[in-house]
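S.K.: mind looking at a prediction? Sequence and model below.
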Amino acid sequence: MILEILTPEKKLYSGDVYGLQLPGISGLFEVLDKHAPMVSALGKGNVKILLNKKETVSYRIQSGFVEILNNKATVLVEGAVAL
């Protein structure tokens, strides 16, 4: 799956990933390869990028949205800090 994480200022991340964990407004959820199309609001918390089954990268976000479409995840966030 292709992942892009964008803020109003810059592109934080772009690349091919195994999956990601996101802080939804109702709790954490996970998106893996070939997930069904969806749009969801995100709350304050950590976005965990699953590069493969062993390696991860994380960002702390304030809030935002995620769109999953055609095996591409686009995460739009207000502010993010790498962990």
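M.R.: Nice, thanks for sending it over. Computed from a predicted structure; not experimentally measured.
S.K.: mind listing what the residue at minimal distance from the centre of the chain touches?
M.R.: In the chain, the residue lying closest to the centroid (CA atoms, centre = their mean) is residue 75, at 5.0 Å. Residue 75 is in contact with 3, 4, 5, 6, 20, 22, 42, 47, 64, 65, 66, counting by CB atoms under 8 Å, 6 or more residues apart in numbering. For glycine as for every other residue, the C-beta is placed from the backbone atoms N, C-alpha and C.
S.K.: out of these, who's the most crowded?
M.R.: Among the contacts of residue 75, residue 20 has the most neighbours (other CB atoms under 10 Å), with 26 neighbours.
S.K.: I'd say that residue and residue 2 touch.
M.R.: No - applying CB atoms under 8 Å as the test, residue 20 and residue 2 come out as separate, 11.3 Å apart.
S.K.: what residues are shared contacts of the two?
M.R.: residue 73.
S.K.: stretch 29-42 spans what distance, first to last residue?
M.R.: Stretch 29-42 has its terminal residues 10 Å apart, counting by CA to CA, to the nearest Å.
S.K.: against residue 22, how distant is the residue nearest to the centre of the chain?
M.R.: Applying CB to CB, to the nearest Å, the value for residue 75 to residue 22 is 7 Å.
S.K.: what of residue 54?
M.R.: 20 Å.
S.K.: list the contacts of residue 31.
M.R.: 1, 19, 20, 22, 66, 68, 73.
S.K.: could you list the low-pLDDT ranges of this structure?
M.R.: Scanning the chain for pLDDT under 70 picks out nothing.
S.K.: please redo it, this time with the cut-off set to 90
M.R.: Across the chain, residues meeting the criterion (pLDDT under 90) sit at 52-54, 78-80, 83.
S.K.: I am finished for the moment; much appreciated.
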